[in-house]
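1. need a 3D model of the following:
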Amino acid sequence: MEIVIVLVILALMGGAFFALLKGSMKLGFKLLLNSILGFVILWFVNFFGSIIGIHIGMNWVNALIVGLFGMPGVGLLLILQWIFKS
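-> Model (predicted):
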């Protein structure tokens, strides 16, 4: 009987733990998805930008910036590249 009580308590604690992490796991998944989308956008910018000489490095930091800020993030990276290249 004691084992059943311990298992029920552990199950309740595990459920509470996952309920608390649900928000942060959702945020982490959204951040990962946006970073992947950022890589795709960076790839398109590099593919079509090669025609006019635009190139942004493909790394996790740039993908995270583009994933968080969207197209303004691409603009930010282009401006930063222009500032530090000059």
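
2. what's the strand or helix carrying residue 73 packed up against?
-> Using DSSP states H and E, residue 73 maps to helix 71-85. For helix 71-85, the packing partners by 3 or more C-beta pairs under 8 Å, 6 or more residues apart in numbering; DSSP states H and E come out as helix 2-49, helix 60-69. Placement of C-beta: from N, CA and C, glycine included.

3. at 7 Å instead, please
-> Contact analysis of helix 71-85 by 3 or more C-beta pairs under 7 Å, 6 or more residues apart in numbering; DSSP states H and E lists helix 60-69 as its packing neighbours.

4. who's in contact with the helix it packs on?
-> By C-beta atoms under 7 Å, 6 or more residues apart in numbering, the list of residues contacting helix 60-69 from outside reads 34-35, 37-39, 41-42, 56, 73-74, 76-77.

5. any chance of those residues in CSV, with pLDDT too?
-> Conversion of the contacts of helix 60-69 to CSV gives the following (pLDDT from 0 to 100):
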residue, pLDDT
34, 81
35, 80
37, 83
38, 82
39, 83
41, 85
42, 85
56, 86
73, 85
74, 85
76, 88
77, 88
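
6. any quick PyMOL command for the buried ones out of the residues you listed?
-> For the buried members of the contacts of helix 60-69, the matching PyMOL selection, counting by 16 or more other C-beta atoms under 10 Å, is:
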select buried, resi 34+35+38+39+41+42+56+73+74+77
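
7. do you know how far the one residue sitting closest to the centre of the chain is from residue 25?
-> With the centre of the chain defined as its mean C-alpha position, the nearest residue by C-alpha atoms, centre = their mean is residue 31, 3.0 Å away. Computed with C-beta to C-beta, to the nearest Å, the distance linking residue 31 and residue 25 is 11 Å.

8. also residue 56?
-> With distances defined as C-beta to C-beta, the gap from residue 56 to residue 25 amounts to 30 Å.

9. do the same with residue 54
-> For residue 54, the distance to residue 25 under the criterion C-beta to C-beta works out to 36 Å.
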